[in-house]
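A.B. asks: I'd like to go over a predicted model; first the sequence, then the structure.
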Amino acid sequence: MTDAERFPLLTEHGRQMLQRLREHPHAPRYTAQCGNRLTADYLRRVLAFEAELNAGSHDWSPGAPPKWLDGFVEMCFRDAPFYRRYGARPANFHDIPTIDRADLSREIWSFVPDALSLDDLIIYATSGTTGHPLTIPSHPIVGACYTPLIRAALARRGIELKSGRGQVACILVGYQRRAYTYPSVTPHQDDAGHIKLNLHPGDWRDPDDRAKFLDECNPEIYTGDPIAFAELMKLPLRTRPRALISTAMGLRPGLCRALEAHFGCPVLNMYSTNESGPIAVEVPGAHAAPDPPTPATSPPLTYFHPLQPRLYIEILDPDGRPCPPGVRGEVTLTGGLNFYLPLLRYRTNDYASLEFRALQPVLVGLEGRPPTLYRGANSQIVNDLDVTGALHHLALPQFALHQLADGALYMKVVRGAADQRQIREALLPLFGSSQALTIEEVDSLGDKVVQYTSDLPPVHPAQT
């Protein structure tokens with residue numbers, strides 16, 4: 001594929017930007033070539049999405065679903081083979097069966113609506129901790145709509161993206177042994193540069209080139225995950241972005257504060273899935289904590305504002321019934337920006353409660369996993385939220401805590417993120433001084449990790 005095919009709207013200054021990023025003496029060893037594939041018509045549709053996004057509020061409230069929902073459900077039952085198998089559409093929306101990642105994994109093709117052309121279909125694979133890796137169908141318009149969503153998230157912090165011609169707008173950083181990396185440009189920012197980079201030294205001719213290249217690119221923002229941001233802090237960068245946006249996994253409060261202090265800019269925690277795209281962004285101030293923090297301090301509740309105008313969020317109990325506002329349950333999605341993967345009551349395996357403030361929905365206490373209860377050394381019940389609270393003052397980019405069948409705890413943490421003594425001092429008051437705890441330091445836990453797990457039978461707080 002040529003640049004003309006990868007970048008249908010490529011300008012001369014866009015071509016120069018690509019050449020600069022590809023041939024820079026400190027550039028990494030790029031491992032892929034990727035373009036935006038945006039035609040003039042596709043770009044118009046992206047701008048129309050941005051206009052709808054900027055128009056304002058979500059048009060739903062408790063007991064009153066959004067106006068667009070009825071037409072979306074009708075399309076799913078008419079055009080998507082998977083949903084068509086349900087038969088007649090139920091009169092009540094809540095009688096429609098829920099789906100989960102396993103359904104998508106088994107036959108993703110059956111979710112693509114019949115009416116859509118396959119000419120510009122994009123397929124990409126994702127990993128998963130649930131045992132259900134996905135191959136997701138998508139389209140150039142879908143990927144291009146991430147930029148308006150990022151703009152909307154930044155606007156909540158009073159930040160307006162200004163980068164354009166001749167500048168690097170965004171660098172997506174990762175830290176993996178193997179990753180797809182490439183330079184690109186985006187026409188809705190006047191062919192500003194966008195780069196996907198791997199900070200792992202193995203992707204560079206010289207590890208010192210990382211800081212040199214990033215400084216000379218001087219991106220307006222960085223996006224990435226906590227592991228990559230922890231590595232970014234180690235580099236001797238002279239330049240500073242206007243914001244960092246964490247999207248790939250949960251960002252712990254301690255690391256968020258450390259990043260904000262180091263880079264002198266806001267750090268946004270965005271809730272996103274590969275299936276749906278960006279869902280919500282954390283409200284400012286959620287990382288406030290007592291000074292000095294103590295191991296017994298409970299974590300401040302997180303509050304996330306939904307972003308997409310055509311994404312309906314339900315909170316369901318284990319039996320699939322809607323939870324009342326303020327009651328915690330599983331985040332379940334309908335709609336979304338990926339029209340090649342229409343989601344109809346998709347259970348995310350993430351948990352939160354839903355409240356309405358000034359008639360707008362807010363996700364409260366979002367956690368990317370089902371709740372786990374542990375047993376302490378004296379058989380006391382320890383909630384995973386208490387573990388989160390005990391560790392929230394530590395700048396841990398990633399960790400996983402597992403309880404074995406004999407009650408011993410086994411914890412994996414990213415190497416160098418925190419002193420093992422600090423971790424023990426945080427956890428042992430919760431579990432008891434005699435609690436067996438093994439801590440292993442690793443380079444990475446992978447792209448995704450189930451943070452809290454246990455081999456013990458499920459317990460209830462009343463069982464003491």
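C.D. replies: Ah, there it is.
A.B. asks: Thr135 belongs to a strand?
C.D. replies: Yes - remark: Thr135 belongs to a strand, assigned using DSSP: H, G, I helix; E, B strand; the rest coil.
A.B. asks: Any figure for the gap between the closest residue to it other than its chain neighbours and Thr2?
C.D. replies: Spatial nearest neighbour of Thr135, excluding adjacent residues (CB to CB, 6 or more residues apart in numbering): Ala125 at 5.1 Å. To be clear about C-beta, it is placed using only N, CA and C from the backbone, and glycine gets the same treatment. Distance of Ala125 to Thr2, given as CB to CB, to the nearest Å: 25 Å.
A.B. asks: Near the residue nearest to Thr135, how many other residues are there?
C.D. replies: 9 (other CB atoms under 10 Å).
A.B. asks: I figured it hits Ser138, correct?
C.D. replies: No - contact between Ala125 and Ser138 fails when scored by CB atoms under 8 Å: they sit 11.5 Å apart.
A.B. asks: Go ahead and name everything in contact with stretch 142-150.
C.D. replies: 36, 38, 42-43, 46, 49-50, 53-54, 122, 161, 170, 186, 188-189, 221, 223, 245, 277-278, 307-308, 337-340 (CB atoms under 8 Å, 6 or more residues apart in numbering).
A.B. asks: First-to-last residue distance for that stretch?
C.D. replies: One end of stretch 142-150 to the other measures 13 Å (CA to CA, to the nearest Å).
A.B. asks: and if you look at stretch 359-377?
C.D. replies: Stretch 359-377 has an end-to-end distance of 45 Å (CA to CA).
A.B. asks: mind listing what's buried in it?
C.D. replies: Using 16 or more other CB atoms under 10 Å as the test for burial, stretch 359-377 gives 361-369, 372-377.
A.B. asks: Now Leu268. Its backbone dihedrals?
C.D. replies: phi -100, psi 140 (degrees, to the nearest 10).
A.B. asks: Can you list phi and psi of the nearest residue to it once chain neighbours are set aside for me?
C.D. replies: Using CB to CB, 6+ apart and skipping residues adjacent in sequence, the residue nearest Leu268 is Ile245, 4.6 Å away. Backbone torsions of Ile245, given as degrees, to the nearest 10, read phi -130, psi 120.
A.B. asks: what pairs with Ile245 across the strands?
C.D. replies: Thr223, Leu268 (DSSP bridges).
A.B. asks: ok, it - contacts?
C.D. replies: Contacts of Ile245 (CB under 8 Å, 6+ apart): Ile150, Ala153, Leu154, Ile221, Tyr222, Thr223, Gly224, Val267, Leu268, Met270.
A.B. asks: could you redo the last one with a cut-off of 10 Å?
C.D. replies: 150, 153-154, 170, 172, 221-224, 229, 251, 266-270, 272, 278, 281 (CB atoms under 10 Å, 6 or more residues apart in numbering).
A.B. asks: For the buried ones among these, write the corresponding ChimeraX selection.
C.D. replies: This is the ChimeraX syntax for the buried subset of those, where burial follows 16+ other CB under 10 Å:
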select :150,153,154,170,172,221,222,223,224,229,251,266,267,268,269,270,272,278,281
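A.B. asks: returning to what we had before: my read is that the residue nearest to Thr135 contacts Pro137, right?
C.D. replies: No - counting by CB atoms under 10 Å, Ala125 does not reach Pro137; the two are 11.2 Å apart.
A.B. asks: and the least confident of the buried residues of stretch 359-377?
C.D. replies: Among the buried residues of stretch 359-377, Arg369 carries the weakest pLDDT, at 61.
A.B. asks: Convert the longest helix anywhere in the chain to PDB, retaining C-alpha atoms only.
C.D. replies: Looking across the chain with DSSP state H, the single longest helix is helix 40-54. This file holds the C-alpha atoms of helix 40-54, laid out as PDB (Å, rounded to 0.1, in the frame of the first residue of the first chain):
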ATOM      1  CA  ALA A  40     -13.100  13.700   2.200                       C
ATOM      2  CA  ASP A  41     -16.500  12.000   2.900                       C
ATOM      3  CA  TYR A  42     -15.100  10.100   5.900                       C
ATOM      4  CA  LEU A  43     -13.600  13.400   7.300                       C
ATOM      5  CA  ARG A  44     -17.000  15.100   7.000                       C
ATOM      6  CA  ARG A  45     -18.500  12.300   9.000                       C
ATOM      7  CA  VAL A  46     -15.800  12.700  11.700                       C
ATOM      8  CA  LEU A  47     -16.500  16.400  11.900                       C
ATOM      9  CA  ALA A  48     -20.200  15.700  12.200                       C
ATOM     10  CA  PHE A  49     -19.500  13.400  15.100                       C
ATOM     11  CA  GLU A  50     -17.500  16.100  16.700                       C
ATOM     12  CA  ALA A  51     -20.300  18.600  16.300                       C
ATOM     13  CA  GLU A  52     -22.800  16.200  17.900                       C
ATOM     14  CA  LEU A  53     -20.300  15.600  20.700                       C
ATOM     15  CA  ASN A  54     -19.900  19.300  21.300                       C
END
